[in-house]
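J.: Here's a sequence, model it:
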Amino acid sequence: MIVFTPLWKKLREKNMTAQTLIVKHKISRRNIIRLRYNKPVSLLLVIKLCAILECNVNDIFLYIPDK
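T.: Now for the predicted structure:
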């Protein structure tokens, strides 16, 4: 399972909000909701978030093995 918990921490570190991603960086509300509920998103979105936040993918999500 992939969880996007680190993304929200990184946003706080950069003094950004989900609204900033929507308005300034043109990330769709649908994608924000998908991230919030740990639903699958495209690799292109992950790359875009890394560019916006100037970070690596491991700063965006965690992999948690299924039991």
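J.: Tell me if Met16 really is in a helix.
T.: No: Met16 sits outside any helix when classified using DSSP: H, G, I helix; E, B strand; the rest coil, being coil.
J.: Nearest residue to it in space, ignoring adjacent ones along the chain?
T.: Of all residues not flanking Met16 in the chain, Leu53 sits nearest, at 7.7 Å (CB to CB, 6 or more residues apart in numbering). All C-beta spots, glycine's among them, are computed from the backbone N, C-alpha and C.
J.: what do you get for Ile52?
T.: His25 (5.3 Å).
J.: who touches stretch 33-45?
T.: Residues outside stretch 33-45 that contact it (CB atoms under 8 Å, 6 or more residues apart in numbering) are 1-4, 7, 18, 27, 31.
J.: Check stretch 8-22 too.
T.: Against stretch 8-22 from outside (CB under 8 Å, 6+ apart): 27-29, 32, 36, 49, 52-53, 55, 59-60.
J.: What backbone torsions are found at Tyr63?
T.: phi -100, psi 120 (degrees, to the nearest 10).
J.: just Ser42 next, same as before
T.: phi -80, psi 150.
J.: any idea how far Leu35 lies from Lys67?
T.: Computed as CB to CB, to the nearest Å, the Leu35 to Lys67 distance reads 23 Å.
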